[in-house]
Each structure stands twice: as structure tokens, then as C-alpha cells.
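Visitor: from the sequence below, what's the structure:
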Amino acid sequence: MSRRVVFGLRTALLAGVALASPSLASAQATPTTSSDPAVAPAPQPVSDASAKRVYLPADFARFAPQTAYDMLTQVPGFTIKIADVLERGLGQASENVLINGERIANKSGGAVDELKKVPAANVQRIELVDAASLGIAGLAGQVANVIVTASGGKGQFEWTPDFRAHFARLNPFSGSVSYSGKIDWLDYTLSAEDQTGRGGFGGPVVITDSLGALTERRYQIFHAEDEVVTFKAKFAFRGPGSAKGNLTLSGTPYWGRQYNGDTRDRVDGDDRSRIIRNRVNGFLYDVSGDYDFRLGPGRLKLIGVRHLDHEPLFQKQITTFDSGAPATGTLFGRISYIGETVGRAEYSWKTGKNAWQLSFERAYNSLDQRGSLASLSTAGVFEPIPFPGGSGKVEETRYEGTATFSRPLGPKLDLQVVLGAESSTLTRVDGNLAPRKFFRPKGSISLGWRPSAGWDASLKLRRRVGQISFYDFLSQPNLNQDRQNAGNPDLVPPQSWELEGEIGRELGPWGKTRLRAYAHRITDIIDIVPIGASDEGVGNLPQATRYGIVSTSTLQFDPIGWRGAKLDATIGTERTRVRDPLTGVERSISGNHDAWIDFAFRQDVPRSRFAWGAEASYDHFNKSYYPTQVQRAWEGPWWISSFVERKGLAGMTVRLTVLNLLNARHRLDRFAYTGFRTTSPLSFREQHNQLIGPIFALSVRGNF
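Guide: Below you'll find the predicted structure:
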């Protein structure tokens with residue numbers, strides 16, 4: 001029996017034991033009357049007549065939350081799904097978090113980002129509801145509805161510096177600050193966030209030939225520094241009458257640097273060194289707004305989004321030779337403008353128990369790229385070389401219409417049906433290809449079921465149209481691996497039938513467990529394919545399948561006397577199949593994430609203001625298949641971290657975390673061929689086993 005099958009059976013068995021154990025669900029802990037938040041009962045929901053599970057602020061007091069997001073992350077057994085910014089337009093909801101019963105429809109972070117700026121004192125409650133009971137298309141399983149109130153003059157801040165023992169530079173500025181206020185009919189939030197990133201690794205690389213004989217040893221150092229600073233202003237207004245609206249303005253300048261250098265000791269004595277430097281200095285902005293007002297028997301909501309990203313990228317590769325031979329090199333540059341404009345209208349009304357919604361959306365997406373390529377001459381000057389595939393403009397205009405019907409079929413069963421379609425025109429503006437037009441049906445049917453107290457289940461069948469990156473229409477060299485990704489003007493968005501089921505079980509004072517299973521059948525899946533006689537690039541394969549199962553549980557240890565302790569556990573496995581375009585043999589989808597484990601333990605120590613914990617995570621990825629090479633890259637196998645936290649320190653929460661305690665390493669195993677791998681011999685094998693080292697992170701959070 002294969003390791004993957006054993007792992008999948010183990011996942012199902014562990015989840016099944018938790019779901020089927022009546023002794024855990026019925027066990028009762030002795031209630032405590034202590035005023036110490038750390039020994040208060042673990043968060044437990046209150047079920048109301050509408051089958052909501054309700055958590056109150058007092059349920060999270062032991063965690064000393066600073067923001068609404070801090071509360072949401074501690075809801076037992078709930079996995080946050082953030083908004084997918086790569087989804088087509090606004091379309092159906094992809095985020096399982098609502099604020100005051102409303103979906104936050106924008107392209108700048110969604111509800112999760114907004115909750116990070118809401119003070120914990122403004123949270124009234126968090127409700128867990130079945131997605132099928134809501135009139136919001138796209139949701140499935142459990143949804144968190146965070147009920148918040150606005151108040152004047154409150155702010156919050158977070159400072160999150162970190163540093164690594166090796167290779168990477170200090171990261172001193174990461175953090176955020178926001179301020180929320182209220183002026184009569186206007187609520188506002190002003191914020192600034194620095195999403196600074198640092199990374200690095202270094203160590204040996206071994207190169208062998210087709211027979212396994214050593215040909216080259218390298219010592220490589222890689223490090224990257226990114227600064228992404230976002231300034232955002234959100235305004236929520238009320239009136240006239242029952243009308244309400246929102247306006248969000250966001251601007252983000254960003255800077256990035258990468259260094260990738262190595263020395264190469266070769267068996268043939270032709271030693272050399274190579275350095276690759278990447279630089280990007282760009283900006284992006286987002287403007288989004290909505291206005292909701294009564295019209296006839298229902299309400300009309302108008303939504304608009306404008307996004308623009310200016311991304312100038314430059315990559316320089318230079319190889320120098322110990323022999324004194326002239327250096328060689330390549331310089332790649334591109335200046336890109338990526339734009340998206342979306343207009344959407346939603347009209348909602350009710351007739352008895354039935355909830356209806358009609359929506360119409362128009363989206364315009366574009367990429368305008370001007371690319372250049374140059375080669376280092378023997379005189380040490382970069383001279384331009386022809387690069388016709390590196391420049392171009394790609395546009396897509398899309399229209400979408402959907403109708404959503406939601407209705408309770410009984411006191412324990414809810415139904416939602418979404419029917420719709422989209423029509424799109426895809427154009428390579430400055431090419432000689434005619435515009436391509438597509439018509440695609442889409443929609444979903446969902447059921448939410450509550451068979452008995454403490455149980456919930458959902459089932460959803462969805463027809464989905466995926467998004468594509470317009471960059472893949474144009475040539476994009478990979479200087480790190482000396483590989484040319486050719487542009488593909490025939491690329492089309494993938495489509496899929498997706499069946500997903502989920503079942504949850506409340507375990508009383510012991511916590512909660514959930515099991516989710518899914519099966520996807522995909523057509524026109526995105527992969528790397530042969531292009532022309534000898535090139536390769538991003539393209540479509542006819543079809544693929546994806547099956548997975550995920551268990552998510554929160555186990556509380558209060559019933560056994562271990563006060564304030566809990567374990568959050570996630571275990572998942574996935575199996576995929578696609579037919580290789582060269583061999584015709586079935587294999588996994590390139591680079592898919594096929595196994596993952598995460599255990600996070602935390603204890604809020606009784607009669608103290610301290611908490612401590614540890615986390616262990618494991619991730620496995622399948623090989624990535626290219627026409628000219630096969631490779632697998634990973635870091636691990638296990639990432640282990642530990643933290644200690646001090647709450648109520650001058651009103652702040654301070655946490656120190658040490659990551660990579662077991663010395664997870666950066667690894668890569670690459671087989672490169674002289675041409676297409678089915679008809680050409682192996683050129684070399686490249687193996688990385690490199691040091692990352694420990695990472696030290698500090699978090700200081702508070703309100704003002």
C-alpha cells in the first residue's frame with residue numbers, strides 16, 4: 001500500500017474517531033467561577049433558534065485579544081479562508097468571513113483585512129452559520145459572521161520585527177497602525193501597514209552527469225528583501241434613510257531586491273562564479289466602493305472596483321571565469337501595467353421564506369508589458385538582442401449574470417441554488433490574432449443540514465471558471481535556471497466541476513472537529529506544456545482530477561484539569577491526476593501540495609499573564625514537470641516553532657517566537673535534459689541541501 005494511501009486512511013481514521021465519540025461530546029467540565037481569564041471555560045458556542053453558534057467576547061478573554069481578527073483566529077475548529085484576489089472579477093464569494101452579515105467585496109484584503117483593524121472592544125459577537133442559509137452566492141460550509149459596532153477615537157498598532165541567524169538581513173520595520181473614528185453618519189478607518197519580508201538560505205549544490213559522476217560543486221547564497229507599504233482609508237456612511245455605503249482608497253508603493261550568487265568548482269578545472277540580481281520598484285492602487293439602498297420590494301447594491309499595478313522588473317545575470325575569459329551575462333527587463341476594472345449590481349429581495357438575488361457584472365482586465373533582453377558582449381557592455389515575444393498588450397472584457405435562490409427546506413435543512421453564465425472576449429491587442437470569444441455556464445447548488453444538536457453538515461456542487469495570468473501570454477525568461485518560458489497566445493481559463501462535502505461535530509468542553517472532502521474534475525488545466533518544436537511555457541492540458549480530505553480539530557484540555565491548554569490540529573492529503581503532454585502517462589499535477597500536517601499547541605497559564613505554545617508543520621509537494629526538466633523543491637521536512645507571550649504589559653501583548661528549531665533546510669532536486677525529456681538524454685542532475693537557520697520574531701500589539 002502506498003504512503004499516500006496510508007496517510008489518507010490515517011487522516012480519515014483520526015477524524016472519524018473524533019466525530020463518532022459520544023463520550024467526548026457528552027463529557028462535562030466542572031464550571032469555574034474564577035475571575036482569572038486563563039482558567040475560564042474554553043470558548044463554547046450558544047445555539048439559538050436559527051441554528052447559529054454564537055461566541056461572545058467573554059469567551060476569548062483568556063487570549064487578551066487586541067483586534068476582532070485575534071478573536072476570530074481562536075474560534076474552535078474554524079479555518080479562515082481569505083479572499084482569493086485571483087478570482088475572476090468579484091463574482092461569487094471566496095472568503096468565509098462576513099462583517100455584520102455582509103460580504104466585503106473588494107480586491108484589497110476583504111473582511112479578514114478589515115477585522116485586523118477593528119478593536120476587540122468593538123466586537124459584539126461572532127456567529128457561525130451554515131453558508132446555504134445565507135443569500136450570498138459562492139459560500140460553502142461554515143461561515144463566520146462578525147458583529148461589530150463603530151466607536152469613536154480608537155486605534156491599534158502592531159510591530160513585528162524579525163531576524164535570521166544566517167544570510168538574510170534584519171527586518172526592523174514590519175508592522176501596522178490604524179485609527180478608527182466616527183463622525184455622526186460617517187465611520188472611518190485610516191491605516192498604514194509595512195509588509196516587509198526577508199528571506200535567505202545558503203550552502204552546497206552538487207551537480208552530477210547522466211551517469212551520476214560528479215562534475216561540479218557549488219556554494220550558493222540567496223537572500224531577498226521586500227518592502228511593501230500600504231496606506232488605506234476606508235469610509236462607511238449611512239443615509240439618506242436606510243441607504244448605506246462604503247468607499248476604500250488604498251495605495252501601495254513597493255521595493256524588492258534579490259541576490260543569488262554562487263561559486264562553481266568544476267571537475268574540468270574551468271571554475272567560475274555567477275551572480276543574479278533582481279530589482280523591482282513599483283506601486284499599485286485600489287479604489288473600491290459600494291452603495292446599498294432600498295428599491296421596490298428589495299434592495300439594490302452597486303459595487304465598483306479599480307485596480308492598477310505598475311511593476312518595473314529588472315534581472316541581471318553575470319558569470320565570471322577564473323581563467324580570465326570574458327564574462328558572459330544576460331539582462332532582462334520588463335515594465336508592466338496590470339489593470340482591472342469591475343462594475344457589479346446586485347438586487348436582493350424576499351418572498352416569504354425565499355431569498356432571491358440577481359446580479360450582473362462587467363469586468364475589464366489588461367496587461368501592457370514592454371520587455372527587453374540584452375547580452376553581455378566581450379567588451380563588457382550589454383547589447384540589446386531581439387525579444388519580440390516579450391512585449392505586448394492583452395485584454396479581456398467579461399460579462400457575467402447570475403440568479404441566486406435560497407430557502408430553508410425545513411428547520412434543519414437549507415438550500416441555495418446559483419445559476420449563471422459568463423461571456424468574455426480575450427484579445428492580444430498588438431498581435432495578428434483575431435479576438436477569441438467564449439461563453440461559459442457557471443453556478444452551484446448547496447445544502448446545509450443540522451441533523452441533531454452538535455452536528456452540522458454541508459454539500460456543494462459547483463461549476464467554476466478559473467482565472468489566468470496574462471503574463472503567461474508573453475515570454476518570461478527564468479534566469480535562475482537558464483530556462484525560457486515562451487509566451488502562449490492560445491491560453492484559456494480552466495473550468496471545473498467541484499463537489500465538496502463537510503461535516504462538523506461539537507465536542508462540548510472538549511472542543512470541535514470537522515472533516516472536509518472534495519473532488520474536482522478540471523478541463524483546460526494550467527500546466528507547463530511544449531510550445532512549438534522546441535519551446536516550453538504555460539498552457540492548457542485537456543483534463544485533470546483532484547481529490548482531497550482535510551481534518552480540522554480544536555481539542556481543549558480543561559476537562560482533564562490542564563487549564564488554559566488547547567491543541568489546533570489540521571491534517572490533509574490530496575491526490576491528483578493529469579495526463580503528461582509528452583509521455584501520455586498519467587501523473588500528478590505539477591507541484592501540487594499533496595500532504596500537510598499542522599499541530600499548534602497553546603496554554604494560557606492560570607493565575608498569570610503568560611501564555612506559551614509550540615507549532616509543528618509538515619508539507620509535501622509533488623514533482624514539477626517541464627518538457628525539458630523535472631524537479632521537486634521543498635523546505636523541511638518539519639518546521640518547529642515555539643513562543644512565549646506576555647499579556648497586559650502596559651496594555652500590550654508581547655510575544656517572542658523562535659522558528660525552525662529542528663533546522664529545516666532548503667532542498668531542490670532537478671533533472672535537466674538537453675531537449676525534451678522524452679527524446680533527449682539527461683544533461684545533469686542538480687541537488688541542493690542548504691541551511692536556513694533559526695528565525696527570531698517579536699510581536700508587540702496594543703491599542704491607543
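
Visitor: tell me the phi and psi of residue 122?
Guide: Note on residue 122: backbone dihedrals following degrees, to the nearest 10 are phi -90, psi 0.

Visitor: show me the contacts for it.
Guide: 68, 148, 149, 150, 151, 154, 180 (CB atoms under 8 Å, 6 or more residues apart in numbering). The way it works is simple: take the backbone N, C-alpha and C, and place the C-beta from them, glycine included.

Visitor: among these, which ones are in helices?
Guide: Those of the contacts of residue 122 mapping onto helices are residue 68, per DSSP state H.

Visitor: so which of the contacts of residue 122 wins on neighbours?
Guide: For these, the largest neighbour count, defined by other CB atoms under 10 Å, is 27 neighbours, found at residue 68.

Visitor: ok, now which ones touch it?
Guide: 115, 116, 118, 119, 120, 122, 123, 146, 148.

Visitor: filter those down to the buried ones, ChimeraX style.
Guide: Applied in ChimeraX, the following selects the buried portion of those according to 16 or more other CB atoms under 10 Å:
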select :115,116,118,119,120,122,123,146,148
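
Visitor: and which of the contacts of residue 68 is nearest to residue 473?
Guide: Set against residue 473, the nearest of the contacts of residue 68 by CB to CB is residue 116 (35.1 Å).

Visitor: surely the closest one meets residue 67?
Guide: Yes: Residue 116 lies in contact with residue 67 (CB atoms under 8 Å); the separation is 5.6 Å.

Visitor: what sits in contact with each of those two?
Guide: Joint contacts of residue 116 and residue 67 (CB under 8 Å, 6+ apart) do not exist.

Visitor: now for the helix or strand hosting residue 300, which elements pack on it?
Guide: Using DSSP states H and E, residue 300 sits within strand 298-321. Contacting strand 298-321 under the criterion 3 or more CB pairs under 8 Å, 6 or more residues apart in numbering; DSSP states H and E are the following elements: strand 272-295, strand 328-351.

Visitor: and of the ones you listed, who's closest to residue 557?
Guide: In terms of CB to CB, the element of those nearest to residue 557 is strand 272-295, at 43.3 Å.

Visitor: average pLDDT for the closest one?
Guide: Average pLDDT, strand 272-295: 95.

Visitor: could you list the buried residues of it?
Guide: 272-274, 276, 278, 280, 282, 284-290, 292.

Visitor: ok, stretch 265-273 next?
Guide: 272, 273.

Visitor: got the contact list for it?
Guide: 214-218, 261-264, 319-323.

Visitor: let's go with 6 Å and repeat that
Guide: Stretch 265-273 is contacted from outside by 215, 216, 217, 263, 264, 319, 320, 321, 322, using CB atoms under 6 Å, 6 or more residues apart in numbering.

Visitor: now do the same end-to-end measure for that stretch.
Guide: Using CA to CA, to the nearest Å, the end-to-end distance of stretch 265-273 comes to 9 Å.

Visitor: please convert the buried members of the contacts of stretch 265-273 into ChimeraX selection syntax.
Guide: Buried members of the contacts of stretch 265-273, defined by 16+ other CB under 10 Å, are picked up in ChimeraX with:
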select :216,264,319
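
Visitor: farthest-apart pair in the contacts of stretch 265-273, please.
Guide: 215 and 320, at 19.3 Å, using CB to CB across the contacts of stretch 265-273.

Visitor: about what we covered before: average pLDDT for the strand holding residue 300, rounded please.
Guide: Mean predicted confidence for strand 298-321 is 95.

Visitor: how about it: buried residues?
Guide: Of the residues in strand 298-321, those buried under the neighbour-count criterion (16+ other CB under 10 Å) are 298-301, 303-307, 309, 311, 313, 315-319.

Visitor: with distance to residue 564 added, can I get the contacts of stretch 265-273 in a markdown table?
Guide: A markdown table is the format used below for the contacts of stretch 265-273 (distance: CB to CB, whole Å):
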| residue | distance to residue 564 |
| --- | --- |
| 215 | 57 |
| 216 | 55 |
| 217 | 52 |
| 263 | 52 |
| 264 | 54 |
| 319 | 57 |
| 320 | 59 |
| 321 | 62 |
| 322 | 61 |
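
Visitor: nearest to residue 90 among the contacts of stretch 265-273?
Guide: Using CB to CB, these come closest to residue 90 at residue 319, 46.8 Å.

Visitor: so how far is residue 308 from residue 114?
Guide: 22 Å (CB to CB, to the nearest Å).

Visitor: for the contacts of residue 122, which one is nearest residue 521?
Guide: Nearest to residue 521 among these, counting by CB to CB, is residue 68 at 37.9 Å.

Visitor: give me the pLDDT for the closest one.
Guide: According to the prediction, residue 68 has pLDDT 89.

Visitor: which positions within stretch 121-140 qualify as buried?
Guide: Buried residues in stretch 121-140, counted by 16+ other CB under 10 Å: 122-123, 125-140.

Visitor: residues in contact with stretch 446-461: which ones?
Guide: Contacts to stretch 446-461, defined as CB under 6 Å, 6+ apart, come from residues 25, 51, 130, 132-133, 140-141, 412-416, 444-445, 499-506.
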